[in-house]
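1. this one's sequence-less:
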């Protein structure tokens, strides 16, 4: 059973399309199909539910996919260990990040890249639920997500910083001259917010509900860039984590007001699959993340 065949099968199982899976593996579709047939001969059972197109995996295929993902991950960890013995840490690290942590992800990845220039970083914006599932399925090496709002399983956690909330709103609007805003007041303001499949939005909804309010969301998006575009226009208001100011600053014509009554925080941190030994790249990332002291960097920035 060849490792490259397992990689082809993993790509097909995850992408669900022969042509696109072959393209992702940089091989022809006939090469990928031949590898799948070889795996089926070795397993002694069909792995793919076939029609004219890929319809899904058989029960045997699902078992093989989970096993193959672990095998490939272990092989990559072995390559990293060998490289480390030679003084060269290399390989690809896949990182899933909740959208609200993206503005400051560079504070972690930059020192890691500087310390290990042969490491390639693959950074994906994902919801907290997707990060958990992708860690379970060996599709991610590391996640940066919320630690204390919804249950996590099968992972080790490393806190990075506490997420505080601000109302970013036009300076000539109803809150001009104010130094803070209550959640009850913010709920009645026309808002642009992340969609409810994002844990940040579920957190905000729960805080608003605790004061008997529902947020007045006039626009919703699952894209941080779209959210920032609306805010930059100088008309919309939004409830944001304070780390957004570190990278974007306060847009002209806007003011950033702390949200109070209640003052709530939630912990953002690193999550890694619980395993022994820990892959060298994952270990290097965790050390870089903890050494970066994101909390101090965010709080000390004048913006």
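-> Yep, that arrived. The structure displayed is predicted, hence computed values, not measured ones.

2. how about the nearest residue to residue 235 once chain neighbours are set aside, phi and psi?
-> Among residues not flanking residue 235 along the chain, residue 170 sits closest, at 6.6 Å (CB to CB, 6 or more residues apart in numbering). (C-beta placed from N, C-alpha, C; glycine too.) Main-chain dihedrals, residue 170, degrees, to the nearest 10: phi -60, psi 140.

3. number of nearby residues for residue 170?
-> 19 (other CB atoms under 10 Å).

4. That one against residue 253, yeah?
-> Yes: contact status for residue 170 versus residue 253: in contact at 6.2 Å, counting by CB atoms under 8 Å.

5. Name the residues contacting each of these two.
-> Common neighbours of residue 170 and residue 253 (criterion: CB atoms under 8 Å, 6 or more residues apart in numbering): residue 234.

6. ok, residue 147 - contacts?
-> 157, 159, 266, 267, 268, 269, 271.

7. State the pair within those residues that is farthest apart.
-> In the contacts of residue 147, two members sit farther apart than any others by CB to CB. They are 266 and 271, at 14.1 Å.

8. Between these two, which has more neighbouring residues?
-> For residue 266 versus residue 271, neighbours defined as other CB under 10 Å are more numerous around residue 271 (24 against 18).

9. for the helix or strand encompassing that one, packing partners?
-> Following DSSP states H and E, one finds residue 271 within strand 266-273. Contact partners of strand 266-273 among helices and strands, from 3 or more CB pairs under 8 Å, 6 or more residues apart in numbering; DSSP states H and E: helix 128-136, strand 142-146, strand 155-163, helix 280-291.

10. Give me whichever of those is most buried.
-> strand 142-146 (a mean of 26; mean count of other CB atoms under 10 Å).

11. Pull up the pairing partners for that strand, direction included.
-> Partners of strand 142-146 in the sheet, by DSSP bridges, are strand 91-97 (parallel), strand 266-273 (antiparallel).

12. For residue 55, which of those strands is the nearest?
-> strand 91-97 (27.4 Å).

13. Can you list the neighbours in contact with the helix or strand following that closest one?
-> Sequence-wise, the next helix or strand downstream of strand 91-97 (DSSP H and E) is helix 106-115. Helix 106-115 is contacted by residues 95, 119, 121, 123, 144, 160, 247, 284-285, 288-289, 291-292, 294, 297 when judged by CB under 8 Å, 6+ apart.

14. how about the residues you listed, which pair is most distant?
-> Going by CB to CB, the pair spanning the contacts of helix 106-115 furthest: 247 and 284, at 23.8 Å.

15. now the strands for the protein?
-> Ranges of strands in the chain, per DSSP state E, are 48-50, 54-57, 91-97, 119-125, 142-146, 155-163, 165-170, 181-182, 191-194, 217-221, 238-241, 254-260, 266-273.

16. Any chance of these in a markdown table with mean pLDDT and distance to residue 131 as columns?
-> What follows is the strands of the chain, written out as a markdown table (pLDDT from 0 to 100; distance: least, CB to CB, whole Å):
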| stretch | mean pLDDT | distance to residue 131 |
| --- | --- | --- |
| strand 48-50 | 85 | 28 |
| strand 54-57 | 85 | 23 |
| strand 91-97 | 92 | 4 |
| strand 119-125 | 93 | 9 |
| strand 142-146 | 95 | 4 |
| strand 155-163 | 94 | 9 |
| strand 165-170 | 93 | 21 |
| strand 181-182 | 96 | 31 |
| strand 191-194 | 92 | 15 |
| strand 217-221 | 91 | 19 |
| strand 238-241 | 92 | 17 |
| strand 254-260 | 93 | 26 |
| strand 266-273 | 94 | 7 |
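
17. Specify which residues of this protein, grouped into ranges, have pLDDT under the cut-off.
-> Residue ranges of the chain with pLDDT under 70: 52, 300-303.

18. ok so, going back, the helices and strands packed on strand 266-273 into a markdown table, with extra columns for distance to residue 68?
-> Below are these laid out as a markdown table (distance: least, CB to CB, whole Å):
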| stretch | distance to residue 68 |
| --- | --- |
| helix 128-136 | 15 |
| strand 142-146 | 21 |
| strand 155-163 | 21 |
| helix 280-291 | 20 |
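
19. Of all these, which one is nearest residue 18?
-> Among the helices and strands packed on strand 266-273, helix 128-136 comes nearest to residue 18, with 22.4 Å by CB to CB.

20. Let me see the residues that make contact with that closest one.
-> 96-98, 126, 140, 143-146, 150, 152-155, 197-199, 271-273.
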